Structure formats: C-alpha cells, structure tokens
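# build me a structure from this.
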Amino acid sequence: MVRHFQDTDGSYDSERSTNSSLVQTDMTPSGDERRNGIRLAAIVVTFNRLLQIKRTVARLLEEPCDRIFIIDNGSNDGTREWLETLTDDRIRAICAPGNLGGAGGFELGLRKAVELDDPEWMVIMDDDARPDPGCLSEFLEKDLSKWDAISAAVYLKDGRICEMNRPTINPFWHMPTFMRTLAGSLVGKSRGGFHIPDEAYESDAIEIDATSFVGLFVSRETIQKVGYPDGSLFIYGDDVLYTLGLRKAGMRIGFLPDLRFEHDYNRAFNGKVGLYSPIWKAYYTARNGLLVYRFAAGVMFWPAFLFILLKWVSAGRHYGDGRKAYYRMMWHGVKDGLGGKRSRPHSEITSLATTDA
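As a prediction, this is how the structure comes out:
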C-alpha cells in the first residue's frame, strides 16, 4: 500500500525538510512495525520526471528492497497521480508541499525512513538512476562490517563511467593526491588528480573520501553517529559535504565496483564549467562550492578560493547577454558561501536571477 505524507497544518516550510509537521495521513506504524527486521530501504527523490521515476520504481520492485521511499518534490507532470495508483506495500510516497531540491528531498527521505522503519541500511538515488539487476541482492550478501557507508560504481546507459558520479579522494588530506591535483591544474586537468582512476572500477574495494548521492548506501548506525545531510543546500554539493563529513567523523566509506548503478543522464559532462540554465543554479554552485572547499581544504582554503574564483569569473565570458545575471548570482553565492549563510530562501534566489538588484 502506498502511504502519502502532506503538511496537515499549513506550517511546513517548503525550503527545508526537517519540520515535524509533515505527518502520515493514513496510519502511523507501531514500534513493532518499525523494527520488523527491515534490512534495506531505498530513498528516491523526484521532480517532474514521471517516465524516469516509473523506470526506477519498476527496477527497485524487482530487487530485494524492503521499503521504497519516493520523495515527490511538488511535481505537476502527473507524478503524484501515478503514485496514487501504486499498490505494493513496500512503497511509501512522501509528497512534499513544495520543491525542496535534491538536498532537502534526501534529508527528508532519510529522516522518514529512520522514523518509520528504522532499516539497517538505506540506499540513495535520483529518479533517473537505478541499481543494475541483482545489485541489491549482491549488496545484502556482502560482509558489510568493514564499512559505515558504501558507494556503488555508476555508469551511463551506454556503459561508460558516469563522470559526475565518480568518487573522490580529498587532496587536502592526502599529500600524493594533492601533488597530482596541483600538477594537473597546471595543464587544466586537475579533476583527474583527485577522482579515482578507471582502474578502480575493475579492482577490489577501496576507501574513498567523498561521493555522490547516486548509489550511496548508508547504515543506520552511521546516521545515528553523524546525522543527516543538510537539506538547506537545495542542490549541488550536499552529497560531497555530507560524505566528507562522514570521513572527518571517522567513518569508513568503501567504493565497491561490483555494485553497479545506471544513471540515465543524457547531457554531456566532462568536469568543466558549463552554462547554467536556469541561471539561478550558478548561485548554488558558488555558495555550496565554497562550503565544500572550506570544509575540505581547512587552512588551505584561501589559496583554493582564489583559484576557483578566477575560474568562475573567467566562465562569465561564455554567457553573452546573460553575463550580468551570471555574475550577479555568482556574487551572491560567493558572499553567502564565505559568510556560511545557508538560510536564503529558494524563492529569493530565483527572484535575484530575474532582477537587476
């Protein structure tokens, strides 16, 4: 049976996912029901991608997944109506009253999974990403005692490694990685210095420092010790900041290449600065990027900041008539990032993108 959630008293803040007024409208599970041996729950965040969420849910229903949490971020493309038709009792549909962004959706999904079912492990994914057939079965058969979180290997539909989901080693914590990254930056190839190499996808498990929220498995014990992702980040960097936080807290994150995910991502990605559309996304890149760099770099933040700022300023030349809006969003993002401000409402950010203020 699909279970729906909504803001019943009108007090839910659509910019954040932590408000306790988001309640279940059909029934609240008992304590016994919450602790009934649930080993694995999937958390999927969707927004106006009905075809993709249908494909992902269909795949998850074929896997040994005890619960499937679907976080609908205010879709208006028929997603909510489709959720009403689902009858499998493993599915819990959470219909947020507004768009929380990927960050808010993942925070909300993890919180509700722990609150309602308290699973041993949770696996996170976007609506256009899904485990390969047999992936979750293989995960459940593994000895997981060595790891606090696990990253799957993510591939595009054509079999190539998905670059945007390639895990990383923090160069500021590992001198050999730092030197490779520094050398690569001199020829415009710094990305290869701190992302794991292709060879890692064919080797045994390795330890990593950061990864994406596509195919990330997190244990209940890890969440109890470290907490949840920061939903206020809305989009971009929430996954890197969270997984870096796990590592800094002493948690071990393993990259297990035999656990494979598919990411149905159809836009080119080569690690270079691209054009933001809509332009308000530039704000989140700047603000959240600086939050990540400050956390990762520590005392090396200011040299890193000058380097990345030069890169962002240089990218403005590609925007033509939209250059002014790009620099405006970058300015506000840099200002808030340096000040550690995470409270600016998304509605205000989108308004800044269309004004000359």
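# which stretches of this protein have low pLDDT?
For the chain, applying pLDDT under 70 flags the ranges 1-36, 267-274, 356-357.
# look up how far I43 lies from the residue nearest the centre of it.
Closest residue to the average C-alpha location of the chain: F213 at 3.6 Å, with C-alpha atoms, centre = their mean. According to C-beta to C-beta, to the nearest Å, F213 and I43 sit 9 Å apart. All C-beta spots, glycine's among them, are computed from the backbone N, C-alpha and C.
# show me where the stretch 1-150 of the chain has its helices.
31-34, 50-61, 79-83, 101-116, 135-141 (DSSP state H, counting those that start in this stretch).
# what's the nearest residue to the residue nearest to the centre of the chain if we skip its chain neighbours?
Excluding the flanking residues, the one nearest F213 by C-beta to C-beta, 6 or more residues apart in numbering is D239, at 4.1 Å.
# is that neighbour within a helix or a strand, and which one?
Assigned by DSSP states H and E, D239 falls within helix 238-248.
# just checking: what are the partner strands of the next helix or strand after that helix?
Per DSSP H and E, the first helix or strand lying C-terminal to helix 238-248 is strand 253-263. For strand 253-263, the paired strands and their directions (DSSP bridges) read strand 129-131 (antiparallel), strand 149-156 (parallel), strand 206-208 (antiparallel).
# thinking again about what came up before, any shared contact partners between F213 and I43?
106, 124-125 (C-beta atoms under 8 Å, 6 or more residues apart in numbering).
# only the buried subset of these, as a ChimeraX command please.
ChimeraX command restricting the shared contacts of F213 and I43 to the buried ones, with burial defined by 16 or more other C-beta atoms under 10 Å:
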select :106,124,125
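# closest one to R55 out of the shared contacts of F213 and I43, please.
Nearest to R55 out of the shared contacts of F213 and I43 is M125 (C-beta to C-beta; 11.6 Å).
# what's across from the closest one in the sheet?
Beta-bridge pairing of M125 under DSSP bridges involves V44.
# which ones are touching it?
So M125 contacts 42-44, 56, 131, 213-215, 261 (C-beta under 8 Å, 6+ apart).
# let me have those residues in TSV, extended by distance to V187.
As requested, the contacts of M125 are exported to TSV (distance: C-beta to C-beta, whole Å):
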residue	distance to V187
A42	41
I43	39
V44	39
T56	39
P131	37
F213	31
V214	29
G215	31
F261	31
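# nearest to R287 among these?
R287 lies nearest to F213 out of the contacts of M125, by C-beta to C-beta, at 18.2 Å.
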